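> Turn this into a structure:
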Amino acid sequence: MLEKLAEPAETANPLQQLDGFRLKRLLQIIAVSFVGLVLAMAVASGTTKFWLLGGCLALALAGVVACYHKTLLAAYILLWSLALMLSGLAYSNGGLHDIAIFGFPCVLVYAAILGSNGLFLSLLLYCLGFCGVLAFLSMQGLLVQQIPAVGWNTVVYVAVILLVTGFSVFLLTKDLRRLLHSLQRENERVRQSQLEIERLAHHDRLTTLPNRILAELSYQQLLKQCREQQQRLAVLFLDLDNFKPVNDSLGHSAGDLVLQQLAQRLLSVMPKDAVLSRFGGDEFLVLVPSDSDDGKLALLAKAMINQTCSPFYVMQTHIEISGSVGIAVVPRDGVEFNMLCKKADLAMYKAKDDGRNTWRFYDEEIDKANIDKFNLLQGIRQALKEQQFQLYYQPKVDLTTGQIVGAEALVRWPQADGSMISPMQFIPLCEESGLILELGAFVIHEACQACRRWQRLGYADISVAVNLSFVQFRDNSLEGLVRQALKDAELSPSALELELTESLLIGEGDHVQQQLDALSSLGLTFAIDDFGTGYSNLGYLRRFNATTLKIDKSFISSLYLSSRDEPLVRAIIQLAKSLGLITVAEGVEDAQTMQLLKDIGCEQAQGYFWSAPVPEQKFVMLLPLKQQAPGEDLY
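Model (predicted):
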């Protein structure tokens, strides 16, 4: 009953639990003390029995108050009543020689367990003061001590005092042991928490692999070990290819599952002394001691890529990705961790540039290539500011009439020494850096201005074609740009043709289509460039309102020499005719190819057979002579 009354609820807060614990101890002490006093009262007589009876009544009162959860008040009643009872017994019997004095330590122990600091100190001072008063009265002869004879009742009194005192000491030591055990458990919990915090600080939460911080610490340890054992230390940097579409199409939860599975796969192929860490995002870093054989590192890189390329089954979906690995080696490529990571990263990007799903070792040529790339980028910025870029035009010829019906505008970058920097060098860099937006705006504006000048010369039906990059569709400014260029040149939209690649149409479908629909509403025409080299999906020919199909020069250059290309070109031409599209063959270089294309129904062509791309002044010279409007200065 006492246990149930004083047991604190599990959901109680710490203060409520402490109050419940003190109440429990108070009721236990009241019960034991009450039993002890009853036993003592059974053998007592005279004034002793009176004092013991008073103590029992005070204990009962304390018990009633405690049942109302007045813990501190009950403790005061209990302890002061016991102290007064013991004082009365000692005063009326043997004084300082009375066995009741031995009950004071029990009262003080109770006060230490149950009461406040004030209660304990007040009782301690009282006990000291009472003993001092008894001693003074005895020494002055004012108190006559009556030491009772030893009998069985004395044995009972001693036994009661020893039992109650022993019980109180037992409770105190039990609580101390419990406190020590609780402190030990708390210390262990804190230690485990610190270990968990340290683990979280040094491990990736998703894959449980070491993170970048721990990878650097591991690098320092392995570097010291490798130096002692005269080994090399290799850094392998893995980056996933085509991982972004997984997150975009299936959500980040699917991407997380792929990374978790991949982490386990990579661990399965790691050498025992290697450290695999997640460097961030879809990047993984491997630190592995190595001998002088680069072949072993290449085998490890290949094993990592194989694990990456194996299909993943996530959310009932079959997912295929790949990876590229860059490798840097200590001491050949340096010893500083961040520098080695950078060099391994550069080697990884070299692997991506070389086709992805492969690995590359770092070498100085990679740094040189990056320096050259940086210098070229700076040169492009300067060339845009100084308007160094020029447009060259390659004629587009009607194969039936032999007349020039249009031109393809091609950007060129002439140098001061008369050389040219190839568009294959600067166009990809412009796309990567975003400078293609500025360059593309220049091309569209200049092409429209040139076409308008040709029309003023009397070539009213001539048109100009401009190639578009996928980057130009990213900021939704293309429509406004084209509209403004046409307005500035006072050029009819039907005279401007925009050339789109298959990869652009496939990869950017919905986003591109919205902008092309807006451009189509202006009256522009669209050509599909390099047809046959990409996905050759017929659906986009209808969706994007294409009017022209350009056959890639890779099929045309050997058309007359190879019997395998003719059926393919013939099929493309028939397909275009069935869809109502005009066909333009690129890369025509001889009369035989021109004649064959004409015979199989190709309508237009361009190539070196007629002219290479030339500046505007030379292009105009290729056009048939017409009468210029009097007084009009076109150039």
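
> Near Val64, how many other residues are there?
Counted with other C-beta atoms under 10 Å, the neighbours of Val64 add up to 13. No exception for glycine: its C-beta is placed from N, CA and C like everyone else's.

> for Leu575, same thing?
If we define neighbours as other C-beta under 10 Å, then Leu575 has 16 of them.

> Okay, it and Val405: tell me how far apart.
Counting by C-beta to C-beta, to the nearest Å, the gap from Leu575 to Val405 is 22 Å.

> where does the stretch 451-600 of the chain have low pLDDT?
502-511, 532-544, 562 (pLDDT under 70).

> helices or strands next to the helix or strand harbouring Gly20 in the packing?
Remark: Gly20 resides in helix 14-43, with elements defined by DSSP states H and E. Taking 3 or more C-beta pairs under 8 Å, 6 or more residues apart in numbering; DSSP states H and E as the contact definition, the neighbouring helices and strands of helix 14-43 are helix 2-6, helix 46-67, helix 71-92, helix 104-114, helix 152-202.

> May I see the buried residues of that helix?
By neighbour count with 16 or more other C-beta atoms under 10 Å, helix 14-43 contains the buried residues 19-30, 32-37, 39-41, 43.

> Over to stretch 362-370?
Under the neighbour-count criterion of 16+ other C-beta under 10 Å, stretch 362-370 has 362-363, 366 buried.

> now these in a markdown table, with distance to Val512?
As requested, the buried residues of stretch 362-370 are exported to a markdown table (distance: C-beta to C-beta, whole Å):
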| residue | distance to Val512 |
| --- | --- |
| Tyr362 | 38 |
| Asp363 | 39 |
| Ile366 | 34 |
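
> residue farthest from the centroid of the chain?
Centroid-distance maximum for the chain: Gly141 at 89.8 Å, with C-alpha atoms, centre = their mean.

> Validate this expectation: it resides in a strand.
No. Remark: Gly141 does not belong to a strand; assigned using DSSP: H, G, I helix; E, B strand; the rest coil, it is coil.

> Can you pull the phi and psi angles for it?
As for Gly141, its main-chain torsions (degrees, to the nearest 10) stand at phi 80, psi 10.

> Gly95 versus that one, what's the distance?
Distance, Gly141 to Gly95, by C-beta to C-beta: 12 Å.

> likewise Val588?
For Val588 relative to Gly95 (C-beta to C-beta), the value is 135 Å.

> for Gln220, same thing?
78 Å.

> ditto for Phe279
85 Å.

> in the stretch 501-635 of the chain, which spans are strands?
For the stretch 501-635 of the chain, applying DSSP state E, counting those that start in this stretch gives strands covering 525-531, 548-551, 582-585, 604-605, 614-615.

> and Leu522, how many residues sit next to it?
By the measure other C-beta under 10 Å, the count of residues near Leu522 is 13.

> doesn't Ala485 make contact with it?
No. Leu522 is not in contact with Ala485 according to C-beta atoms under 8 Å; the separation is 11.0 Å.

> before we move on, back to that, what about Val588 and Gly95, which has more around it?
With neighbours defined as other C-beta under 10 Å, Val588 and Gly95 compare such that Val588 has more, 26 against 20.

> What sits closest to the more buried one if chain neighbours are left out?
When the adjacent residues along the chain are set aside, Val588 lies closest to Gly607, with 3.4 Å between them (C-beta to C-beta, 6 or more residues apart in numbering).

> Mind giving me the packing neighbours of the helix or strand hosting Leu266?
With elements delineated by DSSP H and E, Leu266 resides in helix 252-268, which encompasses its position. Using 3+ C-beta pairs under 8 Å, 6+ apart as the contact criterion, the elements in contact with helix 252-268 are helix 244-250, strand 275-280, strand 283-290, helix 294-309, strand 312-314, strand 317-319.

> out of those, deepest packed?
strand 283-290 (a mean of 23; mean count of other C-beta atoms under 10 Å).

> what helices or strands is that strand leaning on?
Other elements packing on strand 283-290 under the criterion 3+ C-beta pairs under 8 Å, 6+ apart are helix 212-228, strand 232-241, helix 252-268, strand 275-280, helix 294-309.

> now that strand against helix 212-228, angle please.
10 degrees (axes from the mean of the first three to the mean of the last three C-alpha atoms, to 10 degrees).

> Find the least confident helix or strand in this protein, judged by mean pLDDT.
The helix or strand of the chain with the poorest confidence is helix 2-6; it has a mean of 43 (mean pLDDT, DSSP states H and E).

> Show me the domain layout of the chain.
Here the domain assignment for the chain is 2-183, 212-362, 374-621, based on automatic domain parsing.

> and the closest residue to Gly334 other than its chain neighbours, how many neighbours?
By the measure of C-beta to C-beta, 6+ apart, the closest residue to Gly334 outside its immediate chain neighbours is Leu340, 5.6 Å from it. Burial of Leu340, expressed as a neighbour count using other C-beta under 10 Å, amounts to 25.

> Enumerate the positions of the helix holding Leu266 that are buried.
Taking 16+ other C-beta under 10 Å as the neighbour-count basis, helix 252-268 is seen to contain the buried residues 254-255, 257-259, 261-263, 265-266.

> Might you report the residue contacts of the residue nearest to the spatial centre of the chain?
Averaging the C-alpha coordinates of the chain gives a centre point, and the residue nearest to it by C-alpha atoms, centre = their mean is Gly281 (5.5 Å). Residues counted as contacts of Gly281 (C-beta atoms under 8 Å, 6 or more residues apart in numbering): none.

> any idea how far Tyr313 is from Arg22?
For Arg22, the distance to Tyr313 - C-beta to C-beta - is 60 Å.

> wait, I meant Leu561
48 Å.

> Repeat that for Leu163.
On the measure of C-beta to C-beta, Leu163 and Tyr313 end up 73 Å apart.

> what does Pro615 give?
Plainly put, Pro615 is 58 Å away from Tyr313 if you go by C-beta to C-beta.

> just Leu259 next, same as before
Separation of Leu259 from Tyr313 (C-beta to C-beta): 14 Å.

> Dump the helices and strands packed on helix 14-43 to a markdown table, plus distance to Ala450.
Shown next, in a markdown table, are the helices and strands packed on helix 14-43 (distance: least, C-beta to C-beta, whole Å):
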| stretch | distance to Ala450 |
| --- | --- |
| helix 2-6 | 99 |
| helix 46-67 | 104 |
| helix 71-92 | 99 |
| helix 104-114 | 102 |
| helix 152-202 | 63 |
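
> re earlier: could I get the pLDDT score of the residue nearest to the centre of the chain?
Among the per-residue scores, Gly281 holds a pLDDT of 86.

> what do you get for the one 3 residues further on?
Each residue has a pLDDT score; the one for Phe284 is 95.

> Beta-bridge partners for the nearest residue to it once chain neighbours are set aside, please?
Here the nearest residue to Phe284 in space, its sequence neighbours aside, is Leu238; by C-beta to C-beta, 6+ apart that works out to 4.4 Å. Counting by DSSP bridges, Leu238 forms beta bridges with Phe284, Val325.

> Around Leu238, count how many other residues there are.
26.

> wait, isn't it in contact with Arg278?
No. Counting by C-beta under 8 Å, Arg278 is not a contact partner of Leu238; they are 10.0 Å apart.

> and for the two, which residues touch both?
Common neighbours of Leu238 and Arg278, counting by C-beta under 8 Å, 6+ apart, are 284-285.
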